[in-house]
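# Let's see this in three dimensions:
(2 chains)
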Amino acid sequence: MRLPQFTYHSPDTLQGVLVLLDEYRDQAEVLAGGTDLLVRMKQRLALPEVLVSLKHLDTLSYIKEAPGMLCIGAKTPIIDVIRSDKVQQQAPALVQACERIGAVSIQHFRGTIGGNILQDNRCIHYNQSLLHRSGRQPCHKDGGKICYARDEADRCNSTCQSDGAAALTALDAHLVLNSIRGERREALDAFYTTDGIHPFDMQPDELLTQIDIPLVPGAVSAYERLSFRSAIDYPIVCAGVRLVPNPDDSGCIGSARIVVGAMGRSPLFLAQVSRSLAGVAFDDTAALEKAAKDAMNAAAAFAAHNAGAELAYRQAMVEKMVVRALTQAAARVFTRKAR
Amino acid sequence: MQTIDITLTINEQTHILAVKPNDTLLEVVRDYLDLTGSKEGCGEGVCGSCTVLLDGHPVRACLTLALEADGSAVTTVEGLADEDTLSPLQQSFIDHGAVQCGFCTPGMLMSATALLKEQPHPDRKAVRKALSGNICRCTGYAKIVDAVEHAARPASGCPDCHTKDTGGDHD
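From the prediction side, this is the model:
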């Protein structure tokens, strides 16, 4: 499959990239690993006139600790995140998520953490070849007025199937975005527009440069996902959780963040269910199971027929993924204490 | 359309090539250099048959722009053998019957080569994980995993492992 034609730029500096993005705006796409963008270009879902490559911006590839947070450069390859002791200790949910992205031997070396967060929303009816799509009316995301994922829907029901985004939302991560207008910082859970066509609250001249993960004392996290095949496939349901112990050392959860991914247009942070876990003992299995059931009920309404699996199955699996993630995270509190 | 000169070291030979921005690394090795060992299967990064090593790491050549590989060292399946002597891994694939139609084999060999470079004696789980990005529709994978696992260290209980080791007895 040939790629469409485009003009290629590979600036040596961050400023050079930002100037080009400002100049070309909607006509330009940023190329990092290319594992999402180039596939969409081959399928003619994205037809940028200009590609701005981050090839020379190795300055955006790092993992470092700053006061109170862990900072990851947006161009850091997935494999570096997986192999980082710092991330493994401070944010194991992110390592678990990154291990599941693409195929171990291959996409980990090309794909980047920033690219994983910014991968376009997907839908089994939209992410198809030009030939497949030419046989029917275009859907909302393809410029038409039909949704094949949900009957009578007046807007796009694509899904955010990023593993990294679900884990990072659970970890309460923030994004640093740069443009020639300056720098801004935004919480990941506020970064989504709930519009399936343009899922990110991001201007065309902006570049994601850094991901900040707050370091909360005693916090534990875990990530679980379900997909058809363990490698290459995108998740059809996933869950990320972070549990912070009560500071009084009572063996209870002080605060929780439960996030369900691959169900809605963005990772779903379930605030009410998360709050219900405050004060619950880490080994209170019944309470964790109840929270998982509540999470399923809260997330089920967001799902549409867009990932290939039967809808009722995906909805039922939300509970399983959440309970597994919660149990794993809770177990990490005890292994830490035992050490 | 604009062409750009790039330098690629492919199988230890340096080439200076004028490529178009939308040429992938796979198109360059197959169409410009006639190294047709690397295959295009899906063209979308799913099947792994186009896997090559870029600076020692396995990548999908179909999803790597030639321009992005400028200045890098590329190893394709043609670079594994030393003239007429197959690499131990290639020989192991033959000995174990790990090749049937052969379409996935170049990608399998490249992913496995990268694994063996990092872990000379991988266990079965590590092999399966390393090859999880490569699809084979013939063998059912068991023979391929055997071939990789036994490439560096023939297993005593494996009937396919080097009948040649006892070659002296056959004379």
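
# and residue 158, how many residues sit next to it?
I'll assume chain A. The number of residues packed near A:Ser158 is 27, by other C-beta atoms under 10 Å in any protein chain shown. Any C-beta I mention is one placed from the backbone N, CA and C, and that applies to glycine too.

# you looked at the wrong chain, it should be chain B
14.

# Can you tell me the closest non-neighbouring residue to the closest residue to chain B within the stretch 151-300 of chain A?
For the stretch 151-300 of chain A, the residue closest to chain B is A:Ala231, as judged by C-beta to the nearest C-beta, at 3.5 Å. Nearest non-adjacent residue to A:Ala231, counting by C-beta to C-beta, 6 or more residues apart in numbering or on different chains: B:Ser132, 3.5 Å away.

# ok, now which ones touch that neighbour?
B:Ser132 makes contact with A:Ala103, A:Val104, A:Ser105, A:Ser230, A:Ala231, A:Ile232, according to C-beta atoms under 8 Å, 6 or more residues apart in numbering or on different chains.

# Find the helix or strand that the residue sitting nearest the centre point of chain B is a member of.
For chain B, B:Met110 is the residue whose C-alpha lies nearest the centre (C-alpha atoms, centre = their mean; 2.2 Å). Per DSSP states H and E, B:Met110 falls inside helix B:105-118.

# before we move on, back to that, hang on, the residue of the stretch 151-300 of chain A closest to chain B packs against A:Val104?
Yes. With contact defined as C-beta atoms under 8 Å, A:Ala231 counts as touching A:Val104 (6.5 Å).

# quick one: common contacting residues for these two?
Residues within reach of A:Ala231 and of A:Val104 at once, by C-beta under 8 Å, 6+ apart, are B:Ser132, B:Gly133.

# neighbour-wise, which of the two wins?
Counted by other C-beta under 10 Å, A:Ala231 and A:Val104 do not tie: A:Val104 has more neighbours, with 26 against 22.

# Just give me the neighbour total for the closest residue to A:Phe269 other than its chain neighbours.
Leaving aside its chain neighbours, A:Phe269 sits nearest to A:Asp189 (4.7 Å; criterion: C-beta to C-beta, 6+ apart). Using other C-beta under 10 Å, A:Asp189 has 20 neighbouring residues.

# ok, A:Asp189 - contacts?
A:Asp189 makes contact with A:Thr169, A:Asp172, A:Val259, A:Pro267, A:Phe269, according to C-beta under 8 Å, 6+ apart.

# Next one: it from A:Leu268, what distance?
Computed as C-beta to C-beta, to the nearest Å, the A:Asp189 to A:Leu268 distance reads 9 Å.

# How about A:Phe6?
Distance, A:Phe6 to A:Leu268, using C-beta to C-beta: 35 Å.

# got it, and A:Ile211?
To A:Leu268, A:Ile211 is 19 Å away according to C-beta to C-beta.

# for A:Met69, phi and psi?
phi -150, psi 160 (degrees, to the nearest 10).

# Can you tell me the number of residues neighbouring it?
Per other C-beta under 10 Å, the neighbour tally for A:Met69 reads 17.

# which residues touch residue 6?
If you meant another chain, say so; for now it's chain A. Taking C-beta under 8 Å, 6+ apart, one finds A:Met41, A:Pro48, A:Glu49, A:Val50, A:Leu51, B:Pro21, B:Asn22 in contact with A:Phe6.

# that's the wrong chain, I meant chain B
Applying C-beta under 8 Å, 6+ apart, we find B:Ile6 in contact with B:Ile16, B:Leu17, B:Val19, B:Ala66, B:Leu67, B:Ala69, B:Asp70, B:Gly71.

# If we use 6 Å, what do you get?
B:Ile6 makes contact with B:Leu17, B:Val19, B:Asp70, according to C-beta atoms under 6 Å, 6 or more residues apart in numbering or on different chains.
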